[in-house]
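# Structure for the following, please:
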Amino acid sequence: SSTDGAAIFALLRESRLRRRLARTLEGEAGFNDPVAVLLVIGFIEWIQQDDYGVLDMALLFVREMGIGAAVGIAVGLLAVPGLRNARLTSPGLYPVATLATAGLAYGGAASLHGSGFLAAYLAGLVLGSARIPAKQTVIVFHEGLAWVAQIV
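Down below sits the predicted model:
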């Protein structure tokens with residue numbers, strides 16, 4: 001059974017686990033959702049199309065994950081200097097810019113028939129590990145957003 005990403009992130013924030021183990025759990029929790037979506041899409045195609053098989057599903061997996069990973073990392077790496085060079089008038093605008101980054105990553109990957117979920121996740125990881133302006137404001141905003149998402 002896969003782990004729930006939001007629950008794992010919330011638990012690990014206050015955990016005393018070794019950082020390497022915590023990062024491994026966070027990675028597994030974050031990567032399982034894009035794979036689950038991909039498997040559902042692949043199995044639906046398999047059910048609906050008589051000539052769809054294992055090779056088609058493997059090709060779908062490689063294409064979606066490869067494009068999603070490439071777009072997510074690229075958007076994240078481009079957003080870091082973009083946020084550093086942007087002179088936004090209020091620290092409260094930086095969380096909005098990070099949401100826009102996630103949207104661009106998702107949309108860019110999805111338009112290229114890649115995994116938008118994986119792209120948004122990886123762009124977030126890149127931003128989260130970089131030094132960006134108003135980082136504490138961004139973290140607090142996204143933690144609040146994560147709690148709202150869990151409640152919904």
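# rest of the way, CA atoms for contacts and neighbours
OK.
# And the pLDDT at the most centrally placed residue in the chain?
Note on the chain: the residue nearest the mean C-alpha position is Tyr121, at 0.9 Å, using C-alpha atoms, centre = their mean. pLDDT for Tyr121: 91.
# what about the chain, any weak spots by pLDDT?
Low-confidence segments of the chain (pLDDT under 70): 1-13.
# Please, where are all the helices along the chain?
Applying DSSP state H to the chain gives helices spanning 5-13, 19-48, 54-85, 93-111, 116-129, 135-151.
# distance of the residue of the chain most remote from its centre from Ile41?
Most distant from the centre of the chain: Asp50, at 32.9 Å, with distances by C-alpha atoms, centre = their mean. Computed as C-alpha to C-alpha, to the nearest Å, the Asp50 to Ile41 distance reads 15 Å.
# Contacts only, for the residue nearest to the centre of the chain.
By C-alpha atoms under 8 Å, 6 or more residues apart in numbering, the contact set of Tyr121 is Gly30, Gly72, Ala102.
# Skip the chain neighbours and tell me the closest residue to the second one.
This points to Gly72. Ala119 (3.6 Å; C-alpha to C-alpha, 6 or more residues apart in numbering).
# Report how many residues lie close to that neighbour.
Each residue near Ala119 was counted by other C-alpha atoms under 10 Å, and the total is 34.
# Next: Ile47.
Neighbours around Ile47, by other C-alpha under 10 Å: 11.
# With the one 10 residues further on instead?
Number of residues near Met57 (other C-alpha under 10 Å) recorded here: 18.
# Look up how far Leu17 lies from it.
In this view, Met57 and Leu17 are 37 Å apart by C-alpha to C-alpha.
# next one: Gly68
Gly68 is 30 Å from Leu17, where distance means C-alpha to C-alpha.
# So for the two, which sits in the more crowded spot?
Gly68 (30 against 11).
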